[in-house]
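[1] Provide a 3D model corresponding to the input given below.
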Amino acid sequence: MTPEDLKFDQRHLWHPYTSTLRPLPCAPVVAADGCELQLADGSRLIDGMSSWWSAIHGYNVPELNAALSDQMSKMSHVMFGGITHPAAVALGRRLVDITAPELEAVFLADSGSVSVEVALKMALQYWQGRGVAGKHRFAAFRYGYHGDTFGAMSVTDPDNGMHRLFKGFLAENIFLTEPPIDPACMGKSAPDTGADDGRSCTCSARNGCPIADPALIAEWRQTLATHRDELAAVIVEPIVQGAGGMRIYHPCYLRQLKQICEELDLLLIFDEIAVGFGRTGKLFGYEHADLVPDIMTIGKALTGGYMTLAATLATADVAATVCRSEAGVFMHGPTFMANPLACSVAEASIKLLLESPWQTRLRSIEAHLQQALWPLAELAAVASVRVIGGIGVVEMHEAIDVASAQALLAEHGVWLRPFGKMLYTMPPYTISSAQLAKLTEAMAAYARSAS
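    Okay, the predicted model is just below:
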């Protein structure tokens, strides 16, 4: 890229969460390979973001390149209305095989935000199919984040999140107090509850839970019961709340929430867009709690970071009930739904993941992040440090100046994109131990410089 290219970029290209009046500097990336981004001057940065959590295999992956090339020689796109094709069938079969048996219906969408819109619309049509009127609202956790489209924004925290500017324009939904951060992810011991291991707790509605805060569970039950007649579903991010605060919580809270939803006859939607495909050390977040939602959304890592694609999966009961509603069909149909190129590379990405030692890699990444990042909690500028699977978070007391932080990190040869008070990493699963060490050393350097 030339200096003129960068001037044009600053003047005309509107980047996400960036002012056109005071545009942030942009790294001029001209190529990417493995876990590194190559800049125009020939220097390289280790990518600790997996391109917003999607490039789990790194870049320029031969198997994914081949899948795209092969599909491109056959057809790049065909409408999915009234037409099917091998790439969509192969991907659908793969998704049904790797998710819970209950999740039988697969709706292929354009992006993560769209898959959330699809999930919300499914929930609304579900109640129409049951002949129940008035269920037009949703409940979600505080500090949750579900996307940038209007339905997704309406179930994202309206006060603490990035969408509070649109509060007057969005549908008003119900927000539950967020579950507390799990002490274990911060390297701390949870209070002694008598349970064997918090994450293997087998709590039930009958005997309560030794892990989950009973007052919070009672609050959830009361709030949901109060609004039961107007609620279509509860939507949450399982185990990790992503862009709303990078908060990691105990799976027992999901078990308790599921039980409440069953008691009150409410649908439960899991937004797995950020954590799906191994990011937390399990293939999907719901596996930590050993339960299945009624509807689930996936995206980001679905194509290994190659193309935009997402999916909404539903139980057979949800799908059948939706189709018993007045319309007789599900009322959604994106132009690029089930794009053959995207489906082909997604199926190849999942195959590559499952045939790799991804669990061993995630355990190794988690162990390093714990060892390297947990001690930073002692620094004056650091509020909290937390780790799970391939996620490492250093939360500062003060908001991070993105431009200066990225300049310092680049000096250390790494690419990270802080937001708010969060300096965090979600590296590719294929990252080497030396590259990962360089990432965490850069994070430590920033934390020390701020202290």
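
[2] stretch 146-157 - what's its average pLDDT?
    The predicted model assigns stretch 146-157 a mean pLDDT of 93.

[3] my error: substitute stretch 291-306 in the last question.
    Across stretch 291-306, the average pLDDT comes to 98.

[4] find the nearest non-adjacent residue to Leu376, please.
    Nearest in space to Leu376, with sequence neighbours left out and distances taken as Cβ to Cβ, 6 or more residues apart in numbering, is Ala447 at 4.8 Å. From N, CA and C alone the C-beta is placed, and that goes for glycine too.

[5] which residues touch that neighbour?
    By Cβ atoms under 8 Å, 6 or more residues apart in numbering, the contact set of Ala447 is 376, 379, 381-382, 394, 396, 423.

[6] how about it, secondary structure?
    Classification of Ala447 into helix, strand or coil gives helix, according to DSSP: H, G, I helix; E, B strand; the rest coil.

[7] quick one: it from Phe8, how far?
    Separation of Ala447 from Phe8 (Cβ to Cβ, to the nearest Å): 36 Å.

[8] tell me the SS of the residue nearest the centre of the chain?
    Closest to where the C-alpha atoms of the chain average out (Cα atoms, centre = their mean) is Ala274, at 1.3 Å. The local conformation at Ala274, judged by three-state DSSP, is coil.

[9] same check, this time on Ile46
    Ile46 falls in the strand class when you classify it by three-state DSSP.

[10] and the pLDDT for the residue nearest to Leu376?
    97.

[11] which two of the contacts of Ala447 have the greatest separation?
    The distance between the two most remote of the contacts of Ala447 (Cβ to Cβ) is 11.7 Å, for Leu379 and Leu423.

[12] can you tell me, leaving aside adjacent residues, what's nearest to the residue nearest to the centre of the chain?
    Closest residue to Ala274 in three dimensions, ignoring its sequence neighbours and counting by Cβ to Cβ, 6+ apart: Gly242, at 3.9 Å.

[13] next, count neighbours for that neighbour.
    22 (other Cβ atoms under 10 Å).

[14] for it, which residues are in contact?
    For Gly242, the contacting residues are 53, 145, 273-275, by Cβ under 8 Å, 6+ apart.

[15] return the closest of the residues you listed with respect to Ser325.
    Nearest to Ser325, judged by Cβ to Cβ, of these is Ile273 at 25.7 Å.

[16] against Ala152, how distant is the closest one?
    Ile273 is 10 Å from Ala152, where distance means Cβ to Cβ.

[17] those two: who's more crowded?
    Comparing Ile273 with Ala152 by neighbour count (other Cβ under 10 Å), the higher total belongs to Ile273, at 28 against 25.

[18] thought the more buried one was touching Lys300?
    Yes: with contacts defined as Cβ atoms under 8 Å, Ile273 counts as touching Lys300 at a distance of 5.4 Å.

[19] overlap in contacts, those two.
    With contacts taken as Cβ under 8 Å, 6+ apart, Ile273 and Lys300 have 112, 310 as neighbours in common.
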